[in-house]
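Chemist: I'll drop the sequence and a predicted model, then ask my questions.
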Amino acid sequence: MKMLIEPSIFSGEISAPLSKSSGQRYLLMSLSQERVQIENLGDDADTQAVLAVLKQLPLEIEEKEGKVAISSKWVVNKENIGTWKDEIKIEVGESGFALRSLVFLLPLYSKRVEIRLQKSLKNRDFSELQQLLALLDLQYERKEDIIIISGELSWKKVFEIETIPDVSSSQYVSGLLILIAHLSQWGVIDINNLVLNFNSIPSMPYVMQTMEHLKNIELAFIELRGKTFSFKNGIQKQEKKVKIERDWSGASFLFAAAAKTNSEVVIRNLDLFSKQADKKILEVLQNIGLHLSIELEKITIRKTEKRSAFHVDLTDAPDLFPALAVIASTCEGRSVLEGVHRLKNKESDRAFAIVESFNKLGISVDIQDDLMLIIGGESKGGFVESYGDHRMAMALSILAAHGKKQIELDSSEVIRKSYPDFFIHMQNLGMQYSEVKE
């Protein structure tokens, strides 16, 4: 659905959206023999895609009154790993995290796993999986839009791994950590003396989030020193209960909207002690001179006459690029966003998408090596593409609202991937928009 977005003034109160990164992690940690109860699971497309995969596995899943309870109907041991089903065929929507994690977990159930790629996943490179899965005696093959994982998962190989090769995404690391935790919880291996070394770990905060969730659910305890992980077995319990936290990534667009408020915007329920990488946005908001009031239950942004340009390294928080590009457009002078190399293998070539769409709307954006340079200004209106990217669609919508002329956005449906209530929340804060009938 195309959208017409008008110049708007933002004010009011809103709760941040639920975290899809937290929801997906807890779902994948629920393959245990114990019952796991998850409260406040989000209805975004990525989280629901993972839940749909779990419904194909030998699990009991109860959904009631905003809670999801999951328990295993199949006892895994050393002898029956991979024997539940001859073949598993799944789809994961556009969730890169789901794909990069499930390739490690689904071989627990079958010696052949087929993943059909959809939409933007068709354009992504997953060839790193070949060397990573080989560490566990698994084979990776890609046939056009289908990825096939085959072979008998060798749990003993976990103890033979000396160093994990370089990877471009922390999601592979998270998938491997969750696999090891399940092998321990199922009694297949004792991980108390297990140590794993990595050559490099991109986006470390995302890995720290996975480790924290494993600790919260008491599935495994992991310490990280430098690039070395040390493991301890988890704690057996009859039931484990977790609550999904609010999402700093989705909230980054609320902050982008609030940056030009002529009154105040209150954003509620974000965890100030969260391990989420995108909490880094708070540093930027403070550095540009925004009038902020930070409390445990709420963050208030008040009218600020002048916002200063900033320089921030987003190598470990690349999802902040679109929202911070919008915030940079509201600042005086030239802002610098570092870490452009992390934007290639996303839902779009996000660096190209930002440069093309922002410049088309009259905001000067340039790339120099690993830096994105943005000069403050106002949108001049016009037609722009989201490039099938949920974060670009949200960023461009807010950029339009901050401008002086209407813009037409080619698609709003892509936002369901991470923040399905985005336009409702924006409307509650004052955004004026309308749908374009085809």
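Modeler: Sure, I can see it.
Chemist: so where do the strands sit in the stretch 1-150 of the chain?
Modeler: Using DSSP state E, counting those that start in this stretch, the strands of the stretch 1-150 of the chain run over residues 2-6, 12-15, 35-39, 59-64, 67-72, 88-91, 112-116, 139-143, 146-150.
Chemist: ok, now the stretch 251-400 of the chain?
Modeler: 264-268, 291-294, 298-302, 311-313, 334-338, 365-368, 371-375, 382-384.
Chemist: which of those strands sits closest to residue 91?
Modeler: Shortest distance between residue 91 and those, using CB to CB, is found for strand 382-384: 29.3 Å. Where you see a C-beta, it was placed from the backbone N, CA and C, and this is true even at glycine.
Chemist: distance of residue 178 from residue 120?
Modeler: 23 Å (CB to CB, to the nearest Å).
Chemist: give me the more crowded residue out of these two.
Modeler: The neighbour count for residue 178 versus residue 120, taken as other CB atoms under 10 Å, is higher for residue 178 (23 against 19).
Chemist: SS state for that one?
Modeler: Counting by DSSP: H, G, I helix; E, B strand; the rest coil, the backbone at residue 178 sits in helix.
Chemist: could you tell me which residues make contact with the nearest residue to it once chain neighbours are set aside?
Modeler: Counting by CB to CB, 6 or more residues apart in numbering, residue 28 is the residue found nearest to residue 178 once chain neighbours are left out, at 5.5 Å. Applying CB atoms under 8 Å, 6 or more residues apart in numbering, one finds that residue 28 lies in contact with 50, 98, 101, 102, 105, 178.
Chemist: for residue 115, which residues are in contact?
Modeler: By CB under 8 Å, 6+ apart, the contact list for residue 115 reads 89, 90, 91, 92, 99, 102, 103, 146, 147, 148, 149.
Chemist: mind giving me the domain ranges of this structure?
Modeler: Domain assignment for the chain by automatic domain parsing gives 2-17+246-436, 20-243.
Chemist: which of these sits most buried?
Modeler: Between the domains of the chain, domain 2-17+246-436 has the highest mean count of neighbours, a mean of 20, where neighbours are mean count of other CB atoms under 10 Å.
Chemist: what about it, how long is it end to end?
Modeler: With CA to CA, to the nearest Å as the measure, domain 2-17+246-436 spans 5 Å from end to end.
Chemist: ok, back up a step: out of the strands of the stretch 251-400 of the chain, which comes closest to residue 138?
Modeler: Closest to residue 138 of the strands of the stretch 251-400 of the chain, according to CB to CB: strand 311-313, at 35.0 Å.
Chemist: okay, now the sheet partners of the closest one, with direction.
Modeler: strand 334-338 (parallel) (DSSP bridges).
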